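Enquirer: Need coordinates for the following:
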Amino acid sequence: MSTWAARYVRLKDRGQDVPRLRGRIDGGAVLVDSGALPFAVWLVPSPVFEPHDLSELSKEFGEAISIAVQTIADLVIYDHFVAGARVRGLTYAGEAGWIRVAGTAEPWETPALFSATKLAELLDELEEDVTDDAIARDKAELERLWKAGALQEGSVRPPVDPAGLTRAIEKHFGLPRLPKA
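Expert: You can find the predicted model right below:
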């Protein structure tokens with residue numbers, strides 16, 4: 001089982017931003033800044049698995065991201081703040097699906113969540129369903145969802161793997177690797 005939460009803050013002027021940010025991170029956390037990537041990161045020592053408000057950090061530094069993962073429940077909580085406002089907030093909780101979809105879709109979402117490969121895999125899985133009517137209904141629903149290409153609160157689709165989802169977010173934003181706990 002993997003359980004972790006991390007905060008990422010975009011740095012503009014490392015000489016000024018790093019000392020200021022050190023005073024703003026969670027108690028007991030260690031700020032990691034490689035100097036090579038646009039964001040610094042720290043692990044939250046005692047994660048709470050609910051959306052986290054990073055509006056103040058994003059007001060001060062411009063941009064902040066929070067990701068929390070609990071793999072046993074396939075739980076992922078993602079929040080992206082820019083200039084003091086949450087621009088995207090997502091919570092995916094395994095069998096419950098997308099329980100929170102807030103803000104505007106971001107460019108990483110379509111390739112990570114609505115790829116043709118993922119659709120084909122899900123359509124293949126439908127063959128295990130018991131009736132032709134159920135298969136046809138589920139296939140039409142999947143195709144409608146993929147055509148829209150947008151997450152829907154309350155939907156179990158598209159399903160995600162927490163590691164794959166976090167990798168897509170990390171890659172898109174150029175986030176640093178997580179520090180060792």
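
Enquirer: just checking, next helix/strand downstream of the one helix or strand R144 maps to?
Expert: Using DSSP states H and E, R144 sits in helix 132-148. Following helix 132-148 in sequence order, the next helix or strand is helix 162-173 (DSSP H and E).

Enquirer: residues in contact with that following helix?
Expert: 2, 8, 38-39, 65, 67, 69-71, 74-76, 78, 92, 106-108, 111-113, 175, 177 (C-beta atoms under 8 Å, 6 or more residues apart in numbering). For the C-beta atoms, the positions are set from N, CA and C on the backbone; glycine is no exception.

Enquirer: what's the answer for stretch 54-62, then?
Expert: So stretch 54-62 is contacted by 7, 9-12, 17, 20-21, 24, 64-66, 79, 81-86 (C-beta under 8 Å, 6+ apart).

Enquirer: check contacts around the residue nearest to the spatial centre of the chain.
Expert: Of all residues in the chain, the one closest to the mean position by C-alpha atoms, centre = their mean is Y78, 3.8 Å from it. By C-beta under 8 Å, 6+ apart, the contact set of Y78 is 65-67, 88-91, 165, 169.
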